[in-house]
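Visitor: how does the following fold in three dimensions:
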Amino acid sequence: MITYHGLGYYGLLAALAALTFLRLLPTGSRAHRLLTRALLTALILTAAIVGLSY
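Guide: Numbers count the residues shown, from 1 in each chain. As a prediction, the model looks like this:
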């Protein structure tokens, strides 16, 4: 079962992987922009879920 605590850890690990891919992708590429938006959205959602769980 996935808990709110687990979501925070999985989100953090996914964010670290996304940051690694962002460093490898060229700055102006479409994949870089898409991954940047996805990372920002994931961080906002993770913060909202963890914040609302307390």
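Visitor: mind listing what T20 touches?
Guide: With contacts defined as Cβ atoms under 8 Å, 6 or more residues apart in numbering, T20 has no neighbours. Backbone N, C-alpha and C define where each C-beta goes, glycine included.
Visitor: assign T27 to helix, strand or coil.
Guide: coil (DSSP: H, G, I helix; E, B strand; the rest coil).
Visitor: for it, grab phi and psi.
Guide: phi -60, psi -40 (degrees, to the nearest 10).
Visitor: mind naming the longest helix for the chain?
Guide: Longest helix in the chain, counting residues (DSSP state H): helix 30-52.
Visitor: just checking, what packs against it?
Guide: Judged by 3 or more Cβ pairs under 8 Å, 6 or more residues apart in numbering; DSSP states H and E, helix 30-52 is in contact with helix 4-24.
Visitor: chain center to the helix it packs on, what's the gap?
Guide: In terms of Cα atoms, centre = their mean, to the nearest Å, the gap separating the centre of helix 4-24 from the centre of its chain is 5 Å.
Visitor: could you pull up the residues touching the residue lying closest to L25 once chain neighbours are set aside?
Guide: Nearest residue to L25 in three dimensions, chain neighbours excluded: H32, at 4.3 Å (Cβ to Cβ, 6 or more residues apart in numbering). H32 is in contact with L22, L25, P26, counting by Cβ under 8 Å, 6+ apart.
Visitor: tell me the contacts of I44?
Guide: Not one residue lies near I44 by Cβ under 8 Å, 6+ apart.
Visitor: tell me the confidence at it?
Guide: pLDDT recorded at I44 is 89.
Visitor: what is the burial count for G6?
Guide: Using other Cβ atoms under 10 Å, G6 has 10 neighbouring residues.
Visitor: for it, give its distance to I49.
Guide: The gap separating G6 from I49 is 11 Å, by Cβ to Cβ, to the nearest Å.
Visitor: for G8, same thing?
Guide: Counting by Cβ to Cβ, the gap from G8 to I49 is 8 Å.
Visitor: cool, A17 as well?
Guide: 19 Å.
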